[in-house]
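Enquirer: This is a predicted model, with the sequence first.
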Number of protein chains: 2
Amino acid sequence: MTDQEPPSRRLPLTKERILRAAVDLADRQGLGTLTMRRLGTELGVEAMSLYKHVANKDEILNGMVELVIGEIEIPEDDADWKEAMRRRAVSAREVLSRHSWAIGLLEAGASTGPTALRYMDAILGNLLSAGFSVENAAHAFWVLDCYVYGQVIQETSLPFTTSEEMTETAASTLEQAPMGEFPHLVAMYQHAPKSGYSVDTEFEFGLELILDGLERLPLDSP
Amino acid sequence: MTDQEPPSRRLPLTKERILRAAVDLADRQGLGTLTMRRLGTELGVEAMSLYKHVANKDEILNGMVELVIGEIEIPEDDADWKEAMRRRAVSAREVLSRHSWAIGLLEAGASTGPTALRYMDAILGNLLSAGFSVENAAHAFWVLDCYVYGQVIQETSLPFTTSEEMTETAASTLEQAPMGEFPHLVAMYQHAPKSGYSVDTEFEFGLELILDGLERLPLDSP
DNA sequence: GCGTGTGGTTTACTGTGTAATCTTATGGAT
DNA sequence: ATCCATAAGATTACACAGTAAACCACACGC
């Protein structure tokens, strides 16, 4: 090599640095472009060098999930459960749609690392000390997670983000296909521009619905 | 080739047959092993021959999603909305966890084919003719889909299925890690064997919670 | 000095999707 | 019957994936 850096400039490779670079790359270019070679060059290093710090690509993917989970806001034990769950759900949704590839990895069965455990423990703790029975705490946890995950999936599968893009998509969809067979869809698409549709509103609607439902559950110690 | 079949035995390759074989293979061996070559040999044909019926692998994946969506039970317009939505959610969950790879494809933005459109239209139709406003129908649709998708994700990411496997997992998890930091998780794992935990129960709990919540919405024409 | 380990590189192998090309069978029009 | 266009499938080849194995270079205690 002719263009050598002074070696002190090259900060040492670590698993930490690799994981952060991987998350970064996946955020910017998508998980599909996250390849060992590209990740290597991103870090100014050869692909195989990564394997000195990481067993294989799966370990990288798991580590990425842990990093992401670590970004989610965690409730205090003694916080008001409803507000705490709302904040956590909002935060989880925010984080997971910022790193929209993470859901796919979750599904693949990653994440039983310490960060994930701490995360789960904090949530359970809040619910339990709010007086939920163990069963009901588990139910609440489960249904909220379902909802957040599903929200993120639907969000990322939508071809639009803003309300304008949405009406635009609606318009173009209306034109092309043989829409005569789908009268209700047509009605909805035609209605869409009028109401200020947004995934945020959708999310809040369902979230409040679920939280209100959970509020009806009996508590152990009122 | 020495072992030629009488050519009449070899039924002709079609997109339909390819898609069915692909779904079958993904069900049996996982989406990861669905490769053009393997799919080819599964059909007794060379990999490249598939490209005479299909533009590329993505088209196969999209087609698979359509097939799966087609399996979901669709409500009649005039059916009682609550029962109809319950049945559809149950059916969707059933279908999607039978083909647990499908969620990942949904996320990738597949599915605006005719089957998916018909599916969406039927659901909207039921809600609208039950008296839901367009906004509320959209809300109901959205929250139910979120819930089902999330349920499937969580189910497939769990390392166990039956209640016995669950207590087993709980036990082994309790032993290995430094669980002192996670008292509430420990409490839950210890409680797990007593209560008959199952993902089915979890699903029903949240589903009824959401349906009851939706029932509180005002209807247009009572 | 001298092993010895640690962190990075080189090379190479297998498996992927698919472009480009070649082969063969089929079914009218003559 | 003959011819040949078209379609369905097979072959070959290429760029890129993950990673096993061997190799190198420098820091260190002795």
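Expert: Thanks, I have it. Residues are numbered from 1 along each chain as shown, chains lettered A, B, ... in the order given.
Enquirer: for DNA strand C, what are the nearby residues on chain A?
Expert: Taking C-beta under 7 Å from any atom of the strand, the part of chain A that reaches DNA strand C is made up of A:12-13, A:40, A:45-49, A:51-53. To be clear about C-beta, it is placed using only N, CA and C from the backbone, and glycine gets the same treatment.
Enquirer: Which members of these are the farthest-apart pair?
Expert: Maximum pairwise distance in the residues of chain A next to DNA strand C, criterion C-beta to C-beta, is 17.3 Å, between A:Pro12 and A:Ala47.
Enquirer: B:Ala122 is in contact with A:Leu185, correct?
Expert: No - A:Leu185 lies out of contact with B:Ala122 (C-beta atoms under 8 Å); the separation is 9.8 Å.
Enquirer: can you pull the buried residues of stretch A:61-72?
Expert: Buried residues in stretch A:61-72, counting neighbours by 16 or more other C-beta atoms under 10 Å in any protein chain shown, are found at A:61-69, A:71-72.
Enquirer: Just the ones of those in helices?
Expert: Mapping the buried residues of stretch A:61-72 onto helices (DSSP state H) picks out A:61-69.
Enquirer: Help me confirm that A:Ile74 comes into contact with A:Arg88.
Expert: Yes - contact status for A:Ile74 versus A:Arg88: in contact at 7.1 Å, counting by C-beta under 8 Å.
Enquirer: any common contacting residues for the two?
Expert: Counting by C-beta atoms under 8 Å, 6 or more residues apart in numbering or on different chains, the contacts common to A:Ile74 and A:Arg88 are A:Ile123.
Enquirer: Show me which of the two is the more surrounded one.
Expert: A:Arg88 (22 against 18; other C-beta atoms under 10 Å in any protein chain shown).
Enquirer: Just to confirm, what confidence does the model report for the more buried one?
Expert: On pLDDT, A:Arg88 comes in at 98.
Enquirer: Next up, identify which helix or strand it is on.
Expert: helix A:81-98 (DSSP states H and E).
Enquirer: in that helix, what's buried?
Expert: Neighbour counts over helix A:81-98 (16+ other C-beta under 10 Å) mark A:81, A:84-86, A:88-93, A:95-97 as buried.
Enquirer: repeat for stretch A:113-130
Expert: With the criterion 16+ other C-beta under 10 Å, stretch A:113-130 contains buried residues A:113, A:115-130.
Enquirer: Filtering those residues by proximity to chain B, which remain?
Expert: Residues of the buried residues of stretch A:113-130 in contact with chain B (C-beta under 8 Å from any C-beta of the partner chain): A:117-118, A:120-121, A:124-125, A:128.
Enquirer: mind putting these in a markdown table, distance to B:Pro159 included?
Expert: Conversion of those to a markdown table gives the following (distance: C-beta to C-beta, whole Å):
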| residue | distance to B:Pro159 |
| --- | --- |
| A:Leu117 | 14 |
| A:Arg118 | 19 |
| A:Met120 | 14 |
| A:Asp121 | 18 |
| A:Leu124 | 18 |
| A:Gly125 | 23 |
| A:Leu128 | 23 |
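Enquirer: Mind checking which of the residues you listed land in helices?
Expert: A:117-118, A:120-121, A:124-125, A:128.
Enquirer: and which of the residues you listed is nearest DNA strand D?
Expert: A:Leu117 (25.2 Å; C-beta to the nearest atom of the strand).
Enquirer: excluding its backbone neighbours, what's nearest that closest one?
Expert: Of all residues not flanking A:Leu117 in the chain, B:Phe182 sits nearest, at 5.4 Å (C-beta to C-beta, 6 or more residues apart in numbering or on different chains).
Enquirer: quick one, phi psi at the one you found?
Expert: phi -120, psi 70 (degrees, to the nearest 10).
Enquirer: Tell me who's in contact with it.
Expert: A:117-118, A:120-121.
Enquirer: and the two most separated of those residues?
Expert: Farthest pair in the contacts of B:Phe182, by C-beta to C-beta: A:Arg118 and A:Met120, 7.5 Å.
Enquirer: pLDDT at A:Gly196, what is it?
Expert: 78.
Enquirer: That one against A:Ser163, yeah?
Expert: Yes - with contact defined as C-beta under 8 Å, A:Gly196 counts as touching A:Ser163 (6.0 Å).
Enquirer: Compare the two and say which is more crowded by neighbours.
Expert: Each of A:Gly196 and A:Ser163 has its neighbours counted (other C-beta under 10 Å); A:Ser163 has more, 16 against 10.
Enquirer: how near is the more buried one to B:Asp77?
Expert: 29 Å (C-beta to C-beta, to the nearest Å).
Enquirer: by contact count, what packs against the helix ranked longest in chain A?
Expert: In chain A, taking DSSP H as the definition, the longest helix is helix A:134-157. Applying 3 or more C-beta pairs under 8 Å, 6 or more residues apart in numbering or on different chains; DSSP states H and E, one finds that helix A:134-157 contacts helix A:81-98, helix A:102-107, helix A:114-129, helix A:199-215, helix B:102-107, helix B:134-157, helix B:183-191, helix B:199-215.
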